[in-house]
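Enquirer: sequence and predicted model, in that order:
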Amino acid sequence: MDYRELWFKNNESDHGWYTCAKCGKKIRKADVDIDHIVPQKYGGEDKLYNLQCLCKHCNRSKQASLKDTAPDLFKTNSQRAVKAVKKSVASAKASVVKSVKKAAKSAVKSVAKKITGKKK
Ligand SMILES: [Zn+2]
């Protein structure tokens, strides 16, 4: 998969808008530059941990320097980790709600059976 495609697959837009990781400007997909945090010429990989969304202006001023590499790697990946935790908490909540609903349903059923006196 193309690294640009990889990044877009893993980062949802905000109603078609993306945010530059440097200046925070909102940009359209066509204006997004997917930047290698560790530049390719220093062996930076086409992996999610090494990719960030920049506007064209910020990407141009960054070029292939290593100046921002460490903080960018930390920022990008800590945000991703927080997102992953939030997502797993949300799905855990959803599954708890589901099982509570299921339990409530079967409790109502069994009470209804007792009231009507019917056996299964
Ligand atoms: Zn920018």
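Expert: Looks like it came in fine.
Enquirer: for the lengthiest helix in the chain, name the packing helices and strands.
Expert: Across the chain, the helix with the greatest residue count (assigned by DSSP state H) is helix 69-116. In terms of contacts (3 or more C-beta pairs under 8 Å, 6 or more residues apart in numbering; DSSP states H and E), helix 69-116 is packed against strand 51-55. No exception for glycine: its C-beta is placed from N, CA and C like everyone else's.
Enquirer: partners of the strand it packs on in the sheet?
Expert: Sheet pairing of strand 51-55 (DSSP bridges) gives strand 32-36 (antiparallel).
Enquirer: ok so, going back, what mean pLDDT does the longest helix of the chain have?
Expert: For helix 69-116, the mean pLDDT works out to 93.
Enquirer: which parts of the chain sit against the ion?
Expert: Within the chain, the positions near the ion by C-beta under 5 Å from the ion are 20, 22-23, 25, 55, 58.
Enquirer: need the nearest residue in space to Trp17, chain neighbours excluded.
Expert: Distances taken as C-beta to C-beta, 6 or more residues apart in numbering place Lys26 nearest to Trp17, at 4.5 Å, with adjacent residues excluded.
Enquirer: right, and the one you found touches His15 too?
Expert: No: using C-beta atoms under 8 Å as the test, Lys26 is too far from His15 to be in contact (9.9 Å).
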